[in-house]
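In: Need coordinates for the following:
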Amino acid sequence: MTAPAASVPTVSPALSIPDFIAHWQGHRALTRRVIEAFPDDQLFTFSLGGMRPFGAQATEIHLVDAMTVTAMRSGEWPEPDWASGPTDKAGLLAAWDQVSAELEQHGPHTDPAFFTGMHALPWGEMPGWVAAIYAVDNEIHHRAQGYVSLRALGIEPPAFYER
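Out: Numbers count the residues shown, from 1 in each chain. Below is the predicted model:
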C-alpha cells in the first residue's frame, strides 16, 4: 500500500504586485523627502561616526533600485557602476524621479514568475521576491542613517510614517 501524495495548500501572496509597487513607491517618496531635507552643501559631504555621506548612500539606493526595476521589466540584472551616479542634489533627484517613473509604469505589470524565479544578482542567486524586498530593505536601512545625519545637522527629518 502506498501513502497518499501530500497535498500542498495553495498560498496567496500577502500583497498583489500593484500593492507591493505602491508600498515601495511610498518608501521612495519618503526617501526623496529625506534627500530634499539635506542642505545642498552637506548631502555629499557631511559624515558622522564613520558613515558615508547620505548622498553616497542615496546613490547606492538609486543604483540598486534601478537595477531591480530593470530586472523586473527585462529579467536582466546589469551590475551598476558603483562609482557612477549623480554628484549633486539636483542630479540625484532627477535620477531618483526617473527610476520612480519607470517603477510606476512597468512595476505593476511585472510577470508574477519573476518573483518566484531564481535570479543571478551581482552578490548571489536568489528568488526575485527576495531581491525586490532587499531593494526596499536596503533603502530603509540607509534612510535611517540619513535621519541620524539630519538630526546631527539640527534638521528635523520627515515623519517616517508619512509615506
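
In: For the rest of this, base every contact and every neighbour count on C-alpha atoms.
Out: Fine.

In: OK, contacts around His141?
Out: Shown in contact with His141 (C-alpha atoms under 8 Å, 6 or more residues apart in numbering): no residues.

In: Please give the element, helix or strand, for it.
Out: Following DSSP states H and E, one finds His141 within helix 128-152.

In: Can you give me the buried ones in that helix?
Out: 128-129, 131-132, 135-136, 139-140, 142-150 (16 or more other C-alpha atoms under 10 Å).

In: Could you work out the end-to-end span of stretch 35-51 for me?
Out: For stretch 35-51, the first-to-last residue distance is 16 Å (C-alpha to C-alpha, to the nearest Å).

In: Show the average pLDDT along it.
Out: Average pLDDT, stretch 35-51: 97.

In: likewise stretch 123-135?
Out: 93.

In: Phi and psi next, for Tyr161.
Out: Backbone geometry at Tyr161, expressed as degrees, to the nearest 10, gives phi -90, psi 0.

In: swap in Asp65?
Out: With angles defined as degrees, to the nearest 10, Asp65 sits at phi -60, psi -40.

In: The nearest residue to it once chain neighbours are set aside: what's it in contact with?
Out: Excluding its sequence neighbours, the residue lying closest to Asp65 (C-alpha to C-alpha, 6 or more residues apart in numbering) is Ala135, at 5.9 Å. By C-alpha under 8 Å, 6+ apart, the contact set of Ala135 is 61, 64-65, 68.

In: So which of the residues you listed sit within helices?
Out: Counting by DSSP state H, the part of those found in helices is 61, 64-65, 68.
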